[in-house]
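Undergrad: model the structure of this input:
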Amino acid sequence: MLKHYLSNRTENFQRISLVLIVLIVAGVGTYLIISSRAASPYENVDASGGTTNGATAQTCTGSTAGNGQCVVFGGQSSGPVSKAVCNPSPCTQGTLTSSHVTVDDGAGSSLNRLVQFYRPQGLTNSPSNQAPLVVLYNVSDLNNTTIPQQNWESLANQDHFLVVSLTNQWTQPPGCNTSYATPVAFPLVACENDCGPSQTGVCDDTPYINAALDSLVTTQNVDQSLIYATGGSKGGSMTEETMCDPAMSSRFAGFAPISAVFISPSTNNDPSVLPNCPALSSHKNFSVQYQFGTSDNAYSGNLATGFVNAKNEWLFSQTQNLTNIINPALGCSNTPTTSTLFGSSNNIMTVYGNCTTAGISTSVVQVNGGGHTYSGLDGVNGFDSALESWTFWTSNAPFNGP
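TA: Numbering: from 1, shown residues only. Next comes the predicted model:
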């Protein structure tokens with residue numbers, strides 16, 4: 001009898017143990033599924049230096065932030081991502097809506113500027129459901145049918161955020177090459193000094209950007225700690241302008257200039273004369289990533305090295321944008337870590353960490369064989385510009401917001 005009793009006790013214990021093991025494994029599996037971001041270029045990258053899922057992992061060596069927290073580049077998020085939810089879930093394709101804001105052109109004349117806004121269907125507009133916002137400087141694209149807009153909308157549906165497209169379309173004298181006005185960070189070019197009643201004042205897009213943000217924050221319940229800016233080519237220059245202008249920069253937690261350069265104000269192409277970027281002296285609570293292709297014909301393929309243009313101006317290389325200009329201001333180390341993206345050794349990401357602000361880092365992505373702006377980068381070696389920007393921002397977010 002005793003033997004039979006002990007045998008039953010043993011069998012029951014084994015059954016209970018098996019059930020507990022199954023429940024633990026199921027729980028861990030569910031956690032991993034919930035925690036992962038499908039299609040992320042960083043998926044399954046750990047901090048051990050190994051390689052999984054076609055991506056080269058990065059270590060946390062030398063990356064301990066000022067508050068003792070370790071920033072794992074391309075691994076786990078060091079800051080917040082969207083806490084907004086969709087009801088019903090999941091979010092589905094929403095509708096792009098258009099409106100206008102009446103703003104000063106920077107020199108005393110009023111203009112009606114276009115604001116095109118996207119909210120995923122199901123992402124409830126409520127003060128208790130605030131969502132991040134991506135500002136897309138979408139060059140001359142009033143219909144917003146381009147790949148970057150489409151990619152950002154799909155990503156917004158997946159990750160529960162908002163997108164606003166701010167174009168460079170505005171009334172200018174005949175013969176002018178429509179562009180964003182970037183008077184802070186760049187030397188004035190044609191059509192940037194023809195604003196105001198006399199059409200001789202310096203144009204400025206700052207009132208436009210701030211008015212659009214003010215409107216969206218009020219009406220669309222934007223999470224003001226999670227606002228980001230990106231754009232390609234002229235839109236990339238406007239992204240740099242936003243980063244450098246003290247009147248705008250502090251509103252943003254991240255920037256991603258695509259196929260864009262900084263230009264030295266030196267009249268004899270002296271790279272030691274740095275561009276004007278005054279916001280860097282006060283706003284240090286953001287991450288920034290540059291993306292470029294090695295076959296960018298708009299810059300004769302020289303973005304990796306820097307070069308002198310036809311105006312005898314020095315155009316900084318993509319790495320110099322960080323090591324010479326941004327990193328010293330943000331207190332980031334100029335000793336980088338490198339990895340590859342989207343399963344290809346031809347997509348090379350360089351990351352600089354150990355910045356003054358915990359959680360942030362700076363980065364440059366080189367797409368070998370890639371061309372100019374989104375259309376020249378997306379799809380090359382499996383690269384996805386929007387996905388890379390969003391993943392970098394949310395993996396390197398300031399712990400305390402901008």
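Undergrad: isn't Leu226 up against Trp390?
TA: No - taking Cβ atoms under 8 Å as the definition, Leu226 is not a contact partner of Trp390, at 11.0 Å. Placement of C-beta: from N, CA and C, glycine included.
Undergrad: wait, a helix at Pro197?
TA: No - going by DSSP: H, G, I helix; E, B strand; the rest coil, the assignment for Pro197 is coil, not a helix.
Undergrad: may I see the buried residues of the helix or strand containing Asn346?
TA: Asn346 is part of strand 344-352, with elements assigned from DSSP states H and E. For strand 344-352, a neighbour-count test (16 or more other Cβ atoms under 10 Å) marks 344, 346-352 as buried.
Undergrad: now swap in stretch 198-217 and tell me
TA: So, applying 16+ other Cβ under 10 Å, buried residues of stretch 198-217: 201, 203-213, 215-217.
Undergrad: then stretch 215-227?
TA: Of the residues in stretch 215-227, 215-217, 220-227 count as buried by neighbour count, 16+ other Cβ under 10 Å.
Undergrad: got it, and stretch 262-276?
TA: Neighbour-count burial for stretch 262-276 flags 262-264, 269, 274-276 (criterion: 16+ other Cβ under 10 Å).
Undergrad: what about the residue nearest to Asn334 when sequence neighbours are not counted, distance to Met248?
TA: Using Cβ to Cβ, 6 or more residues apart in numbering and skipping residues adjacent in sequence, the residue nearest Asn334 is Thr323, 4.9 Å away. To Met248, Thr323 is 24 Å away according to Cβ to Cβ, to the nearest Å.
Undergrad: next: Ser282.
TA: 12 Å.
Undergrad: then Thr200?
TA: 24 Å.
Undergrad: re the thing from before, for the buried residues of stretch 215-227, work out which two are farthest apart.
TA: Pairwise distances across the buried residues of stretch 215-227 (Cβ to Cβ) peak at 18.3 Å, for the pair Ser215 and Ser225.
Undergrad: ok, Gly376 touching Gln291?
TA: No - using Cβ under 8 Å, Gly376 makes no contact with Gln291, being 10.5 Å away.
Undergrad: what residues do the two have in common as contacts?
TA: Applying Cβ atoms under 8 Å, 6 or more residues apart in numbering, one finds that Gly376 and Gln291 are jointly contacted by Ser259.
Undergrad: more neighbours: which of those two?
TA: Each of Gly376 and Gln291 has its neighbours counted (other Cβ atoms under 10 Å); Gln291 has more, 29 against 23.
Undergrad: quick one: contacts of the helix or strand encompassing the more buried one?
TA: Using DSSP H and E, Gln291 falls within strand 287-293. Residues outside strand 287-293 that contact it (Cβ under 8 Å, 6+ apart) are 243, 253-260, 303-304, 318, 321-322, 326, 359-372, 376-377, 380, 385, 388-389, 392-393, 396-398.
Undergrad: contacting residues for Asp205?
TA: Shown in contact with Asp205 (Cβ under 8 Å, 6+ apart): 106, 180-182, 238, 241.
Undergrad: ditto for Val164
TA: Val164 neighbours (Cβ under 8 Å, 6+ apart): 115-118, 133-136, 212, 216.
Undergrad: helix, strand or coil for it?
TA: Here Val164 is strand, with the state taken from three-state DSSP.
Undergrad: which residues make contact with the strand holding Asn346 from outside it?
TA: With contacts defined as Cβ under 8 Å, 6+ apart, strand 344-352 is touched by 41, 54, 58, 73-74, 319, 322-323, 327, 332-341, 361-369, 380-383, 396.
Undergrad: again, only this time at 6 Å
TA: Strand 344-352 is contacted from outside by 73, 327, 332-333, 336-341, 361-368, 381-383, using Cβ atoms under 6 Å, 6 or more residues apart in numbering.
Undergrad: tell me which of these fall in strands.
TA: 337-341, 362-367 (DSSP state E).
Undergrad: mind checking which of Thr323 and Met248 has more residues around it?
TA: Between Thr323 and Met248, Met248 has the larger neighbour count (other Cβ under 10 Å), namely 22 against 19.
Undergrad: confidence score at the more buried one?
TA: Met248 is assigned 96 on the pLDDT scale.
Undergrad: and it, how far is that from Thr230?
TA: Counting by Cβ to Cβ, the separation of Met248 from Thr230 is 14 Å.
Undergrad: now do Asn193
TA: Per Cβ to Cβ, Asn193 is found 27 Å from Thr230.
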